[in-house]
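Asker: Sharing a model that was predicted from the sequence below.
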Amino acid sequence: MSPAVDTTQRRRRFVGSREQDEKGGRSAVIIRAKKGASRLINQIPQEILDDEELKEAARLLPSNYNFEIHKTVWNVRKNNAKRVCLQMPEGLLIYSMVIADIIEQFCNAEVVVMGDVSYGACCIDDYTARALDCDMIVHYAHSCLVPIDVTKIKVLYVFVTIVIDEGHLMRTLTRNFEHGTRLAVFGTIQFNPTIHSIKSKLEGPESDKLLYITPPQISPLSKGEVLGCTSAHLDPNQFDAMVYIGDGRFHLESAMIHNPSVPAYRYDPYSRKFTREYYAQEEMVQVRSDAVRRASEAKKIGLILGALGRQGNPVTVERLEKQLTHAGKTVIKIILSEIFPGKLAMFDDIDAFVQVACPRLSIDWGYAFHKPLLTPYEAMVMLGEEQKFEKDFYPMDYYAKDGYGRGKKPERGD
């Protein structure tokens, strides 16, 4: 019997970092169209582009952040939206009032700003927006993870691409890697244009291919895009290293978990620091293996459907319920918007949990829960339906085109 966790003591997420010896875009199209017609449909009218008052209002926002104000105004007008919801990460909320004022002034529409947490594109909350009687939602800083044809109201994704010092980035790469090094370069959607720009410059004829830059892709994500739960698998025979462009480690860790044999580096465009990064893969695998083992002994399992935006997938929940029941487990279905130790500790008679929300919740925080908390993939491993993870293999493909986040079951190669 595992000891209960003291929920009054703050715990840190498992980040997999450890001390080492020193060794030497655009926004999404919001309506469907026939091929060849999309450019015409989404072309911003010249009168909006030339509107001097709108240009002046847009200058109140940071010049290196592309909030695509003209396109937003055009889409609100085109959809005849009368009540618009704005959803963005906490770091951008400071600009929400300016954007709201612009939409109200130039679109004659009422604006609702959602203040709830928005961790990623999976958190797009069209359900709440519809409940607030909004007829359109503008979701900022994340890519089109949830298709626009399944949302309940009109959606515009604004990536908020960020202009950074490309020259410094290229100099950093060329000074730290030998001529001809093969690099997988990726980042969050904000830096996607930068990644493709430096590729063309470093591989151009005038540079004589100083470096070979490949923006890896896992469909349906864009080339060079990475998420904390979804990253491309890299062949270690084809890449010498991988470089993540962005602040923090969360998204990079996804690629490190998925590709433990490829050396990882991080370039922070804000501090302009370039660092070698490490992840305690063996420790993580050991912790997760122990969780699977303990969960396999459980008789009653809580099956959690995440209700934070569109994190949870009902199809995956239904599949897991059937297979867990077939394996002789008693299944209790639970709906939670956010999952934390104190909440699950209240379900004292449940032996283990499987959460269909965010796989990183289990990987990063699983050790802090008093009972095993498995991802859908780990639950399938427990049931003998998936390849067992090990030190050199732990897939991060939750929102791949055939991933559990989309209600599918991944087809994995040998």
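Answerer: Arrived safely. Keep in mind that what you see is a predicted model, and the values were worked out from it rather than measured.

Asker: And the next helix or strand past the lowest-mean-pLDDT helix or strand in the chain?
Answerer: The helix or strand of the chain with the lowest confidence, counting by mean pLDDT, DSSP states H and E, is helix 38-41 at a mean of 53. Under the assignment DSSP states H and E, the closest C-terminal helix or strand after helix 38-41 is helix 46-49.

Asker: and the following helix or strand past that next one, how far out from the chain's middle?
Answerer: Using DSSP H and E, the helix or strand that follows helix 46-49 in sequence is helix 52-58. Distance of helix 52-58 from the chain centroid (CA atoms, centre = their mean, to the nearest Å) equals 32 Å.

Asker: Can you tell me which helices and strands the helix or strand just after helix 52-58 packs against?
Answerer: Using DSSP H and E, the helix or strand that follows helix 52-58 in sequence is helix 69-78. Contacts defined by 3 or more CB pairs under 8 Å, 6 or more residues apart in numbering; DSSP states H and E place helix 69-78 against helix 46-49, helix 52-58, helix 96-107, strand 136-140, strand 154-158. Every residue, glycine included, has its C-beta placed from N, CA and C.

Asker: chain center to the first one: distance?
Answerer: Computed by CA atoms, centre = their mean, the separation of helix 46-49 from the middle of its chain amounts to 33 Å.

Asker: Select, out of the helices and strands packed on helix 69-78, the one closest to residue 370.
Answerer: Closest of the helices and strands packed on helix 69-78 to residue 370 is strand 136-140, at 34.9 Å (criterion: CB to CB).

Asker: who does that closest one pair up with?
Answerer: Paired strands of strand 136-140, with direction, are strand 83-87 (parallel), strand 154-158 (parallel) (DSSP bridges).

Asker: Show me what the first one is in contact with.
Answerer: For strand 83-87, the surrounding residues in contact (CB atoms under 8 Å, 6 or more residues apart in numbering) are 76, 96, 99-100, 103, 107, 109-114, 118, 123-125, 128-129, 132-140.

Asker: Quick one: buried ones out of these?
Answerer: Buried members of those, counted by 16 or more other CB atoms under 10 Å: 76, 96, 99-100, 103, 107, 109, 111-112, 114, 118, 123-125, 128-129, 134-140.

Asker: Just the helices from the stretch 251-400 of the chain, written as ranges.
Answerer: Along the stretch 251-400 of the chain, the segments classed as helices by DSSP state H, counting those that start in this stretch run 281-296, 314-326, 341-345, 359-365, 376-382.

Asker: So which of the ones you listed is nearest residue 234?
Answerer: helix 281-296 (14.5 Å).

Asker: who touches the closest one?
Answerer: 2, 14, 16, 256-257, 260, 301, 351-352, 354, 362-363, 366-367, 371-374, 378-379, 381-382, 389-391, 394.

Asker: about what we covered before: out of the helices of the stretch 251-400 of the chain, which one sits most buried?
Answerer: helix 376-382 (a mean of 25; mean count of other CB atoms under 10 Å).

Asker: Residue 186 belongs to a strand?
Answerer: Yes - judged by DSSP: H, G, I helix; E, B strand; the rest coil, residue 186 forms part of a strand.

Asker: Report the beta-bridge partners for it.
Answerer: Per DSSP bridges, residues listed as beta-bridge partners of residue 186: residue 244.

Asker: Distance of it relative to residue 277?
Answerer: 13 Å (CB to CB, to the nearest Å).

Asker: higher neighbour count, the two?
Answerer: Neighbours were counted for residue 186 and for residue 277 using other CB atoms under 10 Å; residue 186 has more, 31 against 19.

Asker: how about the more buried one, what does it touch?
Answerer: Shown here is residue 186, whose contacts under the criterion CB under 8 Å, 6+ apart are 195, 215-216, 224-226, 231-232, 242-245, 255.

Asker: Which member of those residues is positioned nearest residue 266?
Answerer: Using CB to CB, residue 244 comes nearest to residue 266 of the contacts of residue 186, at 4.9 Å.

Asker: Wait, that closest one touches residue 265, no?
Answerer: Yes - Residue 244 lies in contact with residue 265 (CB atoms under 8 Å); the separation is 7.2 Å.

Asker: circling back to that earlier point, of all the helices and strands packed on helix 69-78, which one is nearest residue 273?
Answerer: strand 136-140 (26.0 Å).

Asker: Kindly calculate the angle that the closest one makes with helix 69-78.
Answerer: Computed by axes from the mean of the first three to the mean of the last three CA atoms, to 10 degrees, the angle separating strand 136-140 from helix 69-78 equals 160 degrees.
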